[in-house]
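A.B. asks: Here is the input, now give the coordinates:
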Amino acid sequence: MSKRNSQQAKSAARERLRAERERQAKKDKAKRQAVVAGSIVAVLAIAGVVSYLVVQGNKPDYWEAAKKDALVAPKNTSGKNNTTVVLGKDSAKKTIIAYEDSRCPVCAAFEQTVGPTVKKDVDAGKYKLQYVGATFLDNNLQGEGAKNALSALGSALNVSKDAFWDYKEALYSKKWHPEETSDKFKDDAYLIKVANTVPELRNDKAFQKDVKDGTFDRWALEMSKNFDNNKYGVEGTPSFVVDGKKLTGSDGQNAPGTVEEWNAAVDKALKG
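C.D. replies: A predicted model of the protein is given here:
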């Protein structure tokens, strides 16, 4: 091989090496850029997930959000925010304020034992009954059944006062009232199933829609404030107040638990 050919071969080899190095350099640069871009995407993705979790963690639950809903009140109500529910004849001179929580087992026992007597007295015009629904057991026991049941009672009240009363009786009945620790009333389907045992509510599509839509959820929250902020020192349910004084049974502390105790306490209060 001539010297000239040897030099040309070496030059060609160097040129090939240079070109290969350039290609490798470009490849390495592209690889580095891809890694950096991938890292940025990964960081952004992680940041997005973290941000989503933070937002979800700070997002109010359903009933917290319901506090900001437009207030829709049932028919047959009056007073501030239409949360006053009075049952009975206008001619009755005295009004008994009744505080009850739908999940309360003692309320259920009272309704099953003394409830028929109360209904008879109210129908006879002996006194009026002002119902105040409480929901504190949802906080104490965790859940939402008391609030959901109170909203459903609002749906019944929107139909009529009689439908409200009969539905309240059904919810407290031995057949349908759940254990205190069970949150069955959170289930709209269960509340509607109970309502279908009440003649005036059976297969009432408007009532059922109100229950499913939560039409009176905000109203239920406003109603429960009447228990939370009461001025009579009432802290539990059931509790009954006449002329600012609590009705008590034979122990002088708790609400009457029998028909005899109820009649004695009421007769005394009505004479006062």
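A.B. asks: Helices of the stretch 101-250 of the chain, start to end?
C.D. replies: For the stretch 101-250 of the chain, the helices defined by DSSP state H, counting those that start in this stretch occupy 105-113, 115-123, 136-141, 145-157, 161-172, 188-195, 205-213, 217-228.
A.B. asks: can you list these in TSV and add mean neighbour count, mean pLDDT and distance to N76?
C.D. replies: C-beta: built from backbone N, CA, C; applies to glycine. Formatted as TSV, the helices of the stretch 101-250 of the chain follow (neighbours: other Cβ atoms under 10 Å; pLDDT from 0 to 100; distance: least, Cβ to Cβ, whole Å):
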stretch	mean neighbour count	mean pLDDT	distance to N76
helix 105-113	19	98	20
helix 115-123	16	98	15
helix 136-141	16	95	25
helix 145-157	28	98	5
helix 161-172	21	98	5
helix 188-195	18	98	17
helix 205-213	16	98	14
helix 217-228	21	98	12
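A.B. asks: quick one: which of these is nearest K80?
C.D. replies: helix 217-228 (8.3 Å; Cβ to Cβ).
A.B. asks: now what about that closest one, what contacts it?
C.D. replies: 63, 66-67, 69-74, 81-83, 85, 99, 101, 132-136, 146-148, 150-151, 153-154, 234, 237 (Cβ atoms under 8 Å, 6 or more residues apart in numbering).
A.B. asks: Can you tell me which of the helices of the stretch 101-250 of the chain is nearest to A269?
C.D. replies: Across the helices of the stretch 101-250 of the chain, closest to A269 is helix 115-123 (Cβ to Cβ), at 12.1 Å.
A.B. asks: Residues touching that closest one, excluding its own?
C.D. replies: 87-89, 92, 127-129, 165, 169, 172, 259, 262-263, 266.
A.B. asks: go on, stretch 63-77?
C.D. replies: 81-85, 144, 147, 154-155, 157-158, 160-161, 164, 214-219, 221-222.
A.B. asks: before we move on, back to that, so which of the helices of the stretch 101-250 of the chain gets nearest D243?
C.D. replies: Of all the helices of the stretch 101-250 of the chain, helix 115-123 comes closest under Cβ to Cβ, at 16.6 Å.
A.B. asks: now the angle from the closest one to helix 105-113?
C.D. replies: Taking axes from the mean of the first three to the mean of the last three Cα atoms, to 10 degrees, one finds that helix 115-123 is oriented at 70 degrees with respect to helix 105-113.
A.B. asks: shift numbering so it begins at 166
C.D. replies: With 166 as the first residue, the last one maps to helix 280-288.
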